[in-house]
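J.: Give me a model of this one.
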Amino acid sequence: MTAFDLLIWGGAALTAAGLIGIVWCIAAVVGARRAGVDDAAMRARMQRVVAVNMAALAASMLGLMAVVLGIMLGR
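T.: Down below sits the predicted model:
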């Protein structure tokens, strides 16, 4: 197993973690809507979810970049 293989698998793991974060964000928003919370509580939850969502998207992007870089440099 070369360093590029590790880069590919590490990037895939980072991308999977980001996707899990995105799914958590979707579930959190759906749960908040179904709970029928008031506007102020919904805003507070959404602020937290947006921060987690941005971090999850960044993790997915960096993971995909690592996978592509590992594939390109590994050849």
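
J.: Please count neighbours and contacts with C-alpha atoms only from this point.
T.: OK.

J.: Next, residue 47: secondary structure please.
T.: Look at residue 47: counting by DSSP: H, G, I helix; E, B strand; the rest coil, its state is helix.

J.: ok, it - how many residues close by?
T.: The number of residues packed near residue 47 is 12, by other CA atoms under 10 Å.

J.: Roughly how far does it sit from residue 40?
T.: With distances taken as CA to CA, to the nearest Å, residue 47 is found 11 Å from residue 40.

J.: Residue 50 now?
T.: 15 Å.

J.: Which one's more surrounded, these two?
T.: residue 50 (13 against 9).

J.: mind listing what that one touches?
T.: residue 25 (CA atoms under 8 Å, 6 or more residues apart in numbering).

J.: can you check residue 21 too?
T.: 52, 53, 56.

J.: any idea how far it lies from residue 71?
T.: 25 Å.

J.: Going by neighbour count, which residues of the helix or strand containing residue 27 are buried?
T.: Here residue 27, judged by DSSP states H and E, is contained in helix 3-35. Residues 4, 7-19, 21-22, 24-25, 28-29, 32 are the ones in helix 3-35 that count as buried (16 or more other CA atoms under 10 Å).

J.: Stretch 39-57 too?
T.: Going by neighbour count (16+ other CA under 10 Å), the buried part of stretch 39-57 is 46, 49, 52, 53, 56, 57.

J.: Let me see the mean pLDDT of it.
T.: For stretch 39-57, mean pLDDT is 93.

J.: can you give me the offset of it from its chain's centre?
T.: What separates the centre of stretch 39-57 from the centre of its chain is 14 Å, taken as CA atoms, centre = their mean, to the nearest Å.

J.: Now it - C-alpha only, CSV.
T.: Once non-C-alpha atoms are left out, stretch 39-57 reads as follows in CSV (Å, rounded to 0.1, in the frame of the first residue of the first chain):
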residue,chain,number,x,y,z
ASP,A,39,-39.7,31.0,15.6
ALA,A,40,-36.9,32.0,18.0
ALA,A,41,-36.1,28.4,18.9
MET,A,42,-36.1,27.4,15.2
ARG,A,43,-33.7,30.3,14.4
ALA,A,44,-31.4,29.1,17.2
ARG,A,45,-31.4,25.5,15.9
MET,A,46,-30.9,26.6,12.4
GLN,A,47,-27.9,28.7,13.3
ARG,A,48,-26.3,25.6,14.8
VAL,A,49,-27.2,23.4,11.9
VAL,A,50,-25.9,25.9,9.4
ALA,A,51,-22.5,25.9,11.1
VAL,A,52,-22.4,22.1,11.2
ASN,A,53,-23.5,21.9,7.5
MET,A,54,-20.8,24.3,6.4
ALA,A,55,-18.2,22.2,8.2
ALA,A,56,-19.6,19.0,6.7
LEU,A,57,-19.5,20.4,3.2
